[in-house]
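[1] need coordinates for the below:
(one chain, ligands or ions: 2)
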Amino acid sequence: MSPLNLGSGLDRDWLKLPHCEPGNRIGIFGGSFNPPHSGHRLVAATVLKRLGLDQVWWLVTPGNPLKSHSDLAPLEMRLHMTSALADHPRMKVTAFETVLGTPYTAKTLLALRAMRPAVRFVWVMGADNLASFHKWQDWRQIVGSVPVAIVDRPGASLSVLSSPMAKSFEKYRLPEERAARLPDMTAPTWTFLHTPLDQSSSTDLRQRQA
Ligand SMILES: Nc1ncnc2c1ncn2[C@@H]1O[C@H](COP(=O)(O)OP(=O)(O)OP(=O)(O)O)[C@@H](O)[C@H]1O
Ligand SMILES: O=C(O)c1ccc[n+]([C@@H]2O[C@H](COP(=O)([O-])O)[C@@H](O)[C@H]2O)c1
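    Numbers count the residues shown, from 1 in each chain. Ligands and ions are numbered 1, 2, ... in the order given. From the prediction side, this is the model:
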């Protein structure tokens, strides 16, 4: 992947960090969004409300380093579709990882914290990613850098008990009843949010479109 392969039609706003104020509590919701769907919207709405966030940033990845990119829609197309779904005053869509030149979350969070040291960032992901989180680059560093919020997903509920991340960081788990405190806490800390489950998946949608 060429890190600066920005595409000629990319809206400049997507390449910037969204506006935020010192002290803001911001959820970083990374994803392929290929295409985005109601499950993503559920995750974003859940963390916005239950963590008491000021904003959720939908971080559209240039390409998940652990997934094949053979059926990955162009970044610009994913940004347009994601923006349509994330149509909410406190949800922003960004592709700034493309400008950073990395698809790796550990590097992204390091850069974000350096750029906005007075902002309280929280990493947000679905439970399927908790199950495979130990395969991510520098995954322990991620947990050590910002609080992590995990939203339940069909087929992945047991990851909260069985995943290497959950086991390694068991003593740092915050009960979900206290999730509103998560953004103000010092990492490592994480919580698992049970929600009504949404069966949607981008793979299913792509298969139906094919
Ligand atoms: N239905 C869902 N419920 C809860 N979390 C979800 C759901 N779908 C996706 N997520 C989470 O949203 C983030 C972005 O997911 P992604 O864009 O990979 O969608 P996906 O449906 O998992 O895609 P694919 O089927 O292509 O792997 C991930 O953290 C993922 O765990
Ligand atoms: O940093 C890594 O090694 C890493 C490995 C897998 C996934 N991620 C990130 O996790 C987020 C969710 O990815 P996805 O494909 O499940 O939507 C997205 O921001 C990816 O860049 C990051």
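[2] any part of the stretch of helix or strand residue 56 belongs to near ligand 1?
    Element membership for residue 56 (DSSP states H and E) is strand 55-60. No - applying CB under 6 Å from any ligand atom, one finds that strand 55-60 is not in contact with ligand 1, the shortest distance being 8.9 Å. From N, CA and C alone the C-beta is placed, and that goes for glycine too.
[3] and that strand, how far from the chain's centre?
    With CA atoms, centre = their mean, to the nearest Å as the basis, the distance from the averaged C-alpha position of strand 55-60 to the chain average is 7 Å.
[4] do stretch 109-122 as well
    Computed by CA atoms, centre = their mean, the chain-centroid distance of stretch 109-122 equals 14 Å.
[5] please pull up the helix or strand immediately following the strand holding residue 56.
    Taking DSSP H and E as the definition, the helix or strand that follows strand 55-60 towards the C-terminus is helix 75-85.
[6] elements contacting that following helix?
    Helices and strands touching helix 75-85, as assessed by 3 or more CB pairs under 8 Å, 6 or more residues apart in numbering; DSSP states H and E, comprise helix 38-50, strand 55-60, strand 91-94.
[7] residue 120 against residue 25, yeah?
    Yes - contact criterion CB atoms under 8 Å: residue 120 and residue 25 qualify, at 4.6 Å.
[8] for the residue in the chain that ligand 2 sits nearest to, name its beta-bridge partners.
    Residue nearest to ligand 2 within the chain: residue 30 (2.2 Å; CB to the nearest ligand atom). Residue 30 has these beta-bridge partners by DSSP bridges: residue 59.
[9] minimum distance to residue 184: which of the helices and strands packed on helix 75-85 has it?
    Of all the helices and strands packed on helix 75-85, it is helix 38-50 that lies closest to residue 184, at 14.0 Å by CB to CB.
[10] tell me the buried residues in that closest one?
    Within helix 38-50, the residues scored as buried using 16 or more other CB atoms under 10 Å are 39, 40, 41, 42, 43, 44, 45, 46, 47, 48, 50.
[11] filter these by proximity to ligand 1?
    With CB under 6 Å from any ligand atom as the criterion, the subset of the buried residues of helix 38-50 in contact with ligand 1 comprises 39, 40, 43.
[12] can I get the residues you listed in CSV with pLDDT?
    As requested, these are arranged in CSV below (pLDDT from 0 to 100):
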residue, pLDDT
39, 98
40, 98
43, 98
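[13] between the residues you listed, which is closest to residue 207?
    Among those, residue 39 lies closest to residue 207 (CB to CB), at 15.5 Å.
[14] picking that back up, avg pLDDT for the strand holding residue 56?
    This predicted structure assigns strand 55-60 an average pLDDT of 98.
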